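**Student:** Give me a model of this one.
(2 chains)
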Amino acid sequence: SQQGEEDPQALSIQEGENATMNCSYKTSINNLQWYRQNSGRGLVHLILIRSNEREKHSGRLRVTLDTSKKSSSLLITASRAADTASYFCATAASGGSYIPTFGRGTSLIVHP
Amino acid sequence: EAQVTQNPRYLITVTGKKLTVTCSQNMNHEYMSWYRQDPGLGLRQIYYSMNVEVTDKGDVPEGYKVSRKEKRNFPLILESPSPNQTSLYFCASSSPMTGGELFFGEGSRLTVL
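**Tutor:** Okay, here's the model as predicted:
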């Protein structure tokens, strides 16, 4: 079954604003990854955070992980129209295969 | 250039006509996997392989077969396609040596009439 679930399903903001997406999952994980998908294209890896890490940054992206709450958040700061895409979290369960399963995604629209 | 290549990218077929979607990666990755993407359902894992001759079912394996005879290739076989297999399919590869980041192909859009 799908391990991670993103929230909200859809998010619409203005350019320059911050966008926050959340991911909740059910079982213990080895790591959690965030991916981006432009309409109908292949997914592109954004960032990976391990279960023993609490926060990670990459450019305008900030990811947090709270293993006690089984949740993660992705923050995109100073969003741009080019950030318009779907964002997915993917989790690799502890003791399972190392190949992650995905949630349903958050559709982000950034208006210029 | 590191890449995952899927073929065909687009296919329209009819119920019951066997088809194979090929997937090849040039990164010497141990892990390969297939996902299908449907509106409102996100990506669901069909099958995965952790090495040559090692395959396992994902969440939605019914109606699909896979094989991993070589490290670089992981074809997805639909023995008798049905309309509910109309979907966008993605192949991905990864390696535990590089943290498990998935590299995706560009997708194969399949329509079964």
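
**Student:** Only C-alpha atoms from now on, for both contacts and neighbour counts.
**Tutor:** Will do.

**Student:** Other residues contacting the strand or helix carrying B:Thr5?
**Tutor:** Under the criterion of DSSP states H and E, B:Thr5 resides in strand B:4-7. With contact meaning CA atoms under 8 Å, 6 or more residues apart in numbering or on different chains, strand B:4-7 is reached by B:21-26, B:90-93, B:103-108.

**Student:** bridging residues for the one residue in chain B that gets nearest to chain A?
**Tutor:** Per CA to the nearest CA, B:Gly42 is where chain B lies closest to chain A, at 3.7 Å. Listed by DSSP bridges, the beta-bridge partners for B:Gly42 are B:Asp38.

**Student:** Contact partners for it?
**Tutor:** By CA under 8 Å, 6+ apart, the neighbours of B:Gly42 are A:102-105.

**Student:** which ones among these come in contact with chain B?
**Tutor:** For chain B, the contacts drawn from these by CA under 8 Å from any CA of the partner chain are A:102-105.

**Student:** what sits against the residue lying closest to A:Arg50 once chain neighbours are set aside?
**Tutor:** For A:Arg50, ignoring the flanking residues on the chain, the nearest one in space by CA to CA, 6 or more residues apart in numbering or on different chains is A:Asn31 at 4.2 Å. Going by CA under 8 Å, 6+ apart, A:Asn31 touches A:48-51, A:91-93.

**Student:** now do B:Leu19
**Tutor:** By CA under 8 Å, 6+ apart, the neighbours of B:Leu19 are B:77-81.
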